[in-house]
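1. Just a sequence and a predicted model for now, questions to come.
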There are 4 protein chains.
Amino acid sequence: MEFAFSAEVEALRDQLSAFMAEHVLPADPAFRAAASSGRHAVEILEPLKARAREAGLWNLFLPALRDDEPGTRLSNLAYAPLAEIMGRVPWSAEVFNCSAPDTGNMELLHLCATPAQRERWLMPLLDGTIRSCVAITEPGVASSDPTNLKTTIRRDGDTFVVNGRKWFTTGALHPACRFAILMGVTDERPDADPHARHSMVIVPLDTPGVEIVRNLPIMGHLAPEGHCEVDFEDVRIPAANLLGEAGRGFALAQARLGPGRVHHCMRSIGQCELALELMADRAMAREAFGRPLADFANIQDWIALSRMQIDQARLYVLRTAWLMDRDGNKAARAEVSAIKLVVSRLQTEVLDRAIQVFGAMGLTDDTPLAHLWTWGRALRFVDGPDEVHLRTVARAELRRARHRATGAGPGS
Amino acid sequence: MEFAFSAEVEALRDQLSAFMAEHVLPADPAFRAAASSGRHAVEILEPLKARAREAGLWNLFLPALRDDEPGTRLSNLAYAPLAEIMGRVPWSAEVFNCSAPDTGNMELLHLCATPAQRERWLMPLLDGTIRSCVAITEPGVASSDPTNLKTTIRRDGDTFVVNGRKWFTTGALHPACRFAILMGVTDERPDADPHARHSMVIVPLDTPGVEIVRNLPIMGHLAPEGHCEVDFEDVRIPAANLLGEAGRGFALAQARLGPGRVHHCMRSIGQCELALELMADRAMAREAFGRPLADFANIQDWIALSRMQIDQARLYVLRTAWLMDRDGNKAARAEVSAIKLVVSRLQTEVLDRAIQVFGAMGLTDDTPLAHLWTWGRALRFVDGPDEVHLRTVARAELRRARHRATGAGPGS
Amino acid sequence: MEFAFSAEVEALRDQLSAFMAEHVLPADPAFRAAASSGRHAVEILEPLKARAREAGLWNLFLPALRDDEPGTRLSNLAYAPLAEIMGRVPWSAEVFNCSAPDTGNMELLHLCATPAQRERWLMPLLDGTIRSCVAITEPGVASSDPTNLKTTIRRDGDTFVVNGRKWFTTGALHPACRFAILMGVTDERPDADPHARHSMVIVPLDTPGVEIVRNLPIMGHLAPEGHCEVDFEDVRIPAANLLGEAGRGFALAQARLGPGRVHHCMRSIGQCELALELMADRAMAREAFGRPLADFANIQDWIALSRMQIDQARLYVLRTAWLMDRDGNKAARAEVSAIKLVVSRLQTEVLDRAIQVFGAMGLTDDTPLAHLWTWGRALRFVDGPDEVHLRTVARAELRRARHRATGAGPGS
Amino acid sequence: MEFAFSAEVEALRDQLSAFMAEHVLPADPAFRAAASSGRHAVEILEPLKARAREAGLWNLFLPALRDDEPGTRLSNLAYAPLAEIMGRVPWSAEVFNCSAPDTGNMELLHLCATPAQRERWLMPLLDGTIRSCVAITEPGVASSDPTNLKTTIRRDGDTFVVNGRKWFTTGALHPACRFAILMGVTDERPDADPHARHSMVIVPLDTPGVEIVRNLPIMGHLAPEGHCEVDFEDVRIPAANLLGEAGRGFALAQARLGPGRVHHCMRSIGQCELALELMADRAMAREAFGRPLADFANIQDWIALSRMQIDQARLYVLRTAWLMDRDGNKAARAEVSAIKLVVSRLQTEVLDRAIQVFGAMGLTDDTPLAHLWTWGRALRFVDGPDEVHLRTVARAELRRARHRATGAGPGS
């Protein structure tokens, strides 16, 4: 057991922090101003991407990166602290070609793309020349139980015909977004195994019948790259756009989620650290009743609790990344659910405290706190609501109890 | 002790609920659509105001209403359940001329306006022909300790000259807004009693030197009527615009706050009730894992806890209104702080649960939940941050302890 | 709506407080010393009982008290604030013949006793010459779902034969305890309505086959009057000992519980008030880092939150008592569950804070805090675990939702 | 970074678990029965101690163990998971000579004992032939601020004279307890540095003037080995009994606490794991409303949250142990405070949930839960109240903020 990062990781952390300080932070005001006026500022991103790629800070998230693919190959455990650093400037992950949902899509394609799919869709993603999105969640269905997803993917000769409505399709309005990975029903027989009825397909966004209905505000905030509601009406795609085998949609979705949740969590932890720093700085600088806020015991309590919670959560996420590296994503399934829940709750909690220390200013856009607080709230649904993750963790625990009762093996 | 509303109040509740159902709810979509595009829809409000005034549902908030003033005179306790009903549609209080911050301004003017001030400013407010705002909070000062407010009001012959910057001046962008009640320092001697250095004056918004710098987003949401940052630079107003006596600014602010907090609290409770209804309805209608959400014990717990917290909070607020009616606003000071804290925390908590039951939809504007949740967060600063109210309540309790220790009288 | 107590109730509160100060508090050290050595000090209680009865402070809990029965008849709402005063000295309720479980047994017998039962069991209880206990809970059955209770009551000619094991039979070791009201299965047919299979009977404790197996420690504390595990083996009682009709056990149990929960709650509130007083006194008297604890913002927060929670809970309980008086116990069923949950959680929370202010001394028996804290924990099971009450409140709320959906009547 | 235990540690864990299963668990009922009747069962302990020492499971807690001292030398990080295993049976640490407060005393003597002190007091402790206790806390002084400790240690020729009263002196009633390490004032000059006025001395318990006044109940529970109030009246000890230098009392106390807190925390984590196991087992076995408790979403939530909190806390404690091994106890000071707070709160929380799953049975001594819950509450004072630890962590964080503000070095 060893809690220090390796020398290689420490060196990358230094390099990335320096890059952020030198190139990303100075661009932040302009990027955010563009976002406020509804624009995803690709003209700011592109030169930064070129510079990052040149520096070797590219595709760091993909442990399975091949030698003929661009970027620096790192384990999940090695990448995690880098994601934390990126998290401090929410839009910066794209600079390093490490932004969701493309990361998950690259993983997934890496896992199951045919050579043609690889050439056509994966390589441009790895090069950062196109973006992609994911169309899973549907307006009428509780995402806690995806077996109810209703969008249909019907075989018709050499094509599939897609019909349905998706929402929370993040990134669909990105100027470079070219395709969605879509989940739908391929086996409509009523008696089919509910976990083997769905498949995933690649839907190019310029296919006739694909319509972005609206960009959904998240807690009053409209992201320029979009959290979109998308309508699919008689959308015809080549049968070759099937990902993996038919009926394996859930298995693929599951495979896709593990590392992505670690990334989300580490970015959140970076944002919580930022909030804690801002909170402590403000507590030193601001006075009430003749003393700095930092002298008040309740403010001290918030600072201390935040430190304790963040440090625990970070260890928990890192250990999960280590477990995935060692035993595979599937073995870490309960842990992945656990960190997802812990960290998204943490984000709202730490941000709430920071806002309170800032007073009414914390409500405005003069600090990043308000946006990070509302985003923390949204994270409690992203990749499944809290309740699903609690259930997953509880069931793993109850499985252990069953093994104790029956004297069977240890369980996971 | 009697927990039923009087027959008169029950009749008014029925009348108001019917008015809401018949006139306000049908106008809600159009009003909200206008607000989304940045407009305070006075063309919707004005006919509703005329109708409400005709129906006697006018100025219900002002226990001291004189016979020669328009509206129906009610005690704080009688008005409270009506404010709860209005709270369900946040913009509706203005229909009944019961919206903040005008209500507080009317109370204040009622208390201390000169005959000329009454004629010029109070009567049009009571008639609903003009609106007003309040300029107290300053960007550089912790609102928990208002003795630090820095804006100056300097006497110069027959005029005052105002210099300073205010923010969170709510309503300044309302098309009918005509004046601000502003708090500033009139006694700049360093050795003056810090609680007697400030005064309140009326500043007409069209006075040269008044500049609305920007409308502050609250958790990403821009209110069309504005939460404004306002600059006052060499603003000259008549000396006759002083409210009450010089140096009595805090006393007036205090007097102004009691009933307003009861109104805020009851409107919040109305919004929590609405959220609880939506949550229960959704739990019945939505399924996961083959059962309605209402069958899951954790969802049931949220519903039950919300019911218990709302019912307790309502009783607490009503008792405070009763106390103000019986013993005066000042006697209820600790209780007013207590309800302010309890209810603003309650709003975030109940809304958070409702959002969770709605799933990702709860994040969007397809329900009122997201906006009410963020507004609940803002309420934890409106009229003073939580910490000030906790301190007020604690000090009242410690005063009692001191009386026990010394055998002195009972304390408040 | 009126939040002041009536003049009659105020007078009784004064009288009771004076009685407590003059007679009960001076006896408290001796009573507690006896309890520590395992003895229920009847020699202290008896003269106090005589004095209380003489003063008219007797059987105050029973709204249905007849003119020919001893004591002062009060509504639930009038009695509630008196129970709060009694709660400050946990053993004192017996002084006024207002202690559980006798109060519930007297209510129940009042409701359904035959003339012979009334003469034999109820009148001595009302006179305070005997005590009684309740045998419902069983070791092997989740009390959240009493339909599983297994003890059998079999008819055999003119007698019933009782077999089974009960626990948490409170008061069975009281020197004057003479009988138990026992719940068991009288209808053993497997297809019988599970809510109509149980009945209640009176079991004299000196009947052969009744054995008090042990006194259960509650969080390490052994009550001298006993929370007992009791074995019933072939216990033969007269058929005339049936309470009400056969198969009506649950209905009777339900009827019995409402007022008793109000009493429990108000006594708890009295204990929370006591804890808040002790906490505030201690915070004034104790120093750390050169300042009294009362100066620290976190301690102030605890004091303020306790005040707010106690005041809200008291209003909630009083309103429930008022509702029971007005509409009957059954109409207030959800509210009774709600106050039970709110107050038992409150007790642990307020006591926990008080202990923390007292430091390690709060762990010892040098203050009443440790015992009241553990008792608060036990209250979360007494009269049903939290989860049952949450479920009851949620179901009432969901019933309202169903009525909204179907346009049916208002629900309760 | 590596989250697996080393092969050596895994082997020791297996060995210790086997020892517990084979020798300790079978003795548990008899040991607890003796404790219930007020006796510390040395006749059970002694043979187990001999066996443990023989097996090399001896003095595992002392990283600085010399080759000529009995036992197996382990780092803090290696010992931590063994302490977790011992924690499952609270009395078992003594079997391995790893029980508080002897462990801390051995560390302290190891650090600063003179050769004579080493021979006379340390070696028998290491051999397990005597026991010891600690006399620091005083009834009249807030332990959050130990500079107020009042017991005096006055030089009189070749002796010191000790006067004062201590309490929470744990272990003083152990049959083998021979001495106390006592903290008191050696520099009574009013202008002395308040952090350099106190010293530590060895006080043999058989010295005239030492009187054990009483054994303090902790939440109603009397430990046979005692949490004692001890009076010291004109107690004369040799001047050679001074530990380290005069005036260094706090520095020594600080040095003594770090590893001890790690031990406490890991034992607590073992107890939380045990509670989680019992909770899950019970949830599988118990039914309500026709389904096992494990099917209810609220019970699942408790299980899941407990798993997440325990796993995070364990990582946090292990990382702190690693930090102490790498950088020394002092460098880990904020972390030691942090884990102390996190784990003692965790214990009450997890145990509370387990009790709730067990129903009323959880209140009794039929499971270990009630005792572990109350002990968890006590832990929030042991080694300093929560508030001191929050303050320590906050101040470390604010120090970092100050460094950021001034551009100074990184701080710890």
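-> Good, I have the coordinates.

2. Give the buried residues for stretch A:142-158.
-> Buried positions in stretch A:142-158, judged by neighbour count with 16 or more other CB atoms under 10 Å in any protein chain shown: A:A142, A:S143, A:S144, A:D145, A:P146, A:T147, A:N148, A:L149, A:T151, A:I153. Quick note: C-beta positions are derived from backbone N, CA and C, even for glycine.

3. So which bits of the stretch 201-350 of chain A are right by chain D?
-> Counting by CB under 8 Å from any CB of the partner chain, the residues of the stretch 201-350 of chain A close to chain D are A:276-277, A:280-281, A:283-285, A:294, A:297, A:300-301, A:303-305, A:307-308, A:311-313, A:315-316, A:318-319, A:322-323, A:326, A:338, A:341-342.

4. contacts with chain C among those residues, please.
-> Contacts with chain C within those, counted by CB under 8 Å from any CB: A:A297, A:Q300, A:D301.

5. so the last one sits in a helix?
-> Yes: looking at A:D301 with DSSP: H, G, I helix; E, B strand; the rest coil, it is inside a helix.

6. for the helix or strand harbouring A:S337, packing partners?
-> A:S337 is part of helix A:333-358, with elements assigned from DSSP states H and E. Where contact means 3 or more CB pairs under 8 Å, 6 or more residues apart in numbering or on different chains; DSSP states H and E, helix A:333-358 is packed against helix A:249-285, helix A:297-327, helix A:369-379, helix A:386-406, helix D:297-327.

7. buried ones in the first one?
-> By that I understand helix A:249-285. Applying a neighbour-count criterion of 16+ other CB under 10 Å, one finds A:249-253, A:255-284 buried in helix A:249-285.

8. And for the fourth one?
-> Neighbour-count burial for helix A:386-406, with 16+ other CB under 10 Å as criterion, is recorded at A:386-401.

9. Top of the ones next to chain C among the residues of the stretch 201-350 of chain A next to chain D by number of neighbours, please.
-> Among these, A:Q300 has the most neighbours (other CB atoms under 10 Å in any protein chain shown), with 26 neighbours.

10. Can you tell me how far it is from D:A401?
-> A:Q300 sits 12 Å away from D:A401 when distances are taken as CB to CB, to the nearest Å.

11. likewise A:G171?
-> Distance of A:G171 to D:A401, given as CB to CB: 36 Å.

12. how about the residues of the stretch 251-400 of chain A near chain B?
-> A:286-289, A:293, A:296, A:298, A:352, A:355-356, A:359-361, A:363-365, A:370-371, A:373-374, A:377-378, A:380-381, A:385-387, A:390.

13. Try it again at 7 Å.
-> Neighbours of chain B within the stretch 251-400 of chain A, by CB under 7 Å from any CB of the partner chain: A:286-289, A:298, A:356, A:359-360, A:363-365, A:370-371, A:374, A:378, A:381, A:385-387.

14. Quick one, which of those are buried?
-> For these, a burial check counting by 16+ other CB under 10 Å picks out A:286-288, A:298, A:356, A:359-360, A:363-365, A:370-371, A:374, A:378, A:381, A:385-387.

15. that older thread, would a markdown table of the ones next to chain C among the residues of the stretch 201-350 of chain A next to chain D with pLDDT and distance to B:A34 be doable?
-> Converted to a markdown table, those look like this (pLDDT from 0 to 100; distance: CB to CB, whole Å):
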| residue | pLDDT | distance to B:A34 |
| --- | --- | --- |
| A:A297 | 97 | 47 |
| A:Q300 | 98 | 46 |
| A:D301 | 98 | 44 |
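
16. Next, see if stretch A:144-160 gets close to chain D.
-> No: contact of stretch A:144-160 with chain D (CB under 7 Å from any CB) is absent, the minimum separation being 10.8 Å.

17. which residue is nearest the middle of chain A?
-> Nearest to the mean C-alpha position of chain A, counting by CA atoms, centre = their mean, stands A:H264 at 4.3 Å.

18. show me the contacts for that one.
-> With contact taken as CB atoms under 7 Å, 6 or more residues apart in numbering or on different chains, A:H264 is in contact with A:A100, A:L379, A:V382.

19. and the last one, how many neighbours?
-> Spelled out, it's A:V382. Counted with other CB under 10 Å, the neighbours of A:V382 add up to 22.

20. same deal with A:M106?
-> A:M106 has 26 nearby residues by other CB under 10 Å.

21. try A:E229
-> Counted with other CB under 10 Å, the neighbours of A:E229 add up to 22.

22. Output whatever helix or strand it lives in as CSV, nothing but the C-alphas.
-> A:E229 belongs to strand A:227-238 when elements are defined using DSSP H and E. C-alpha atoms of strand A:227-238 as CSV (Å, rounded to 0.1, in the frame of the first residue of the first chain):
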residue,chain,number,x,y,z
HIS,A,227,-28.2,19.2,-23.6
CYS,A,228,-30.7,18.5,-26.3
GLU,A,229,-34.0,17.0,-26.9
VAL,A,230,-33.7,15.1,-30.3
ASP,A,231,-36.4,13.6,-32.4
PHE,A,232,-35.7,10.6,-34.6
GLU,A,233,-38.4,10.0,-37.2
ASP,A,234,-37.9,7.2,-39.7
VAL,A,235,-34.1,7.8,-39.6
ARG,A,236,-32.5,5.3,-42.0
ILE,A,237,-28.9,4.3,-41.3
PRO,A,238,-26.7,1.5,-42.8
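
23. Return the set of buried residues in that strand.
-> A:H227, A:C228, A:E229, A:V230, A:D231, A:F232, A:V235, A:I237.

24. what's the following helix or strand after it?
-> According to DSSP H and E, the helix or strand after strand A:227-238 is strand A:242-243.

25. hmm, back to that, and chain D, which of the buried residues of helix A:386-406 contact it?
-> Answer for those near chain D (CB under 7 Å from any CB): A:L390, A:R391, A:V393, A:A394, A:E397, A:L398, A:R400, A:A401.

26. Using JSON lines, lay out the residues you listed together with pLDDT.
-> What follows is those, written out as JSON lines (pLDDT from 0 to 100):
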{"residue": "A:L390", "pLDDT": "97"}
{"residue": "A:R391", "pLDDT": "97"}
{"residue": "A:V393", "pLDDT": "98"}
{"residue": "A:A394", "pLDDT": "97"}
{"residue": "A:E397", "pLDDT": "97"}
{"residue": "A:L398", "pLDDT": "97"}
{"residue": "A:R400", "pLDDT": "95"}
{"residue": "A:A401", "pLDDT": "95"}
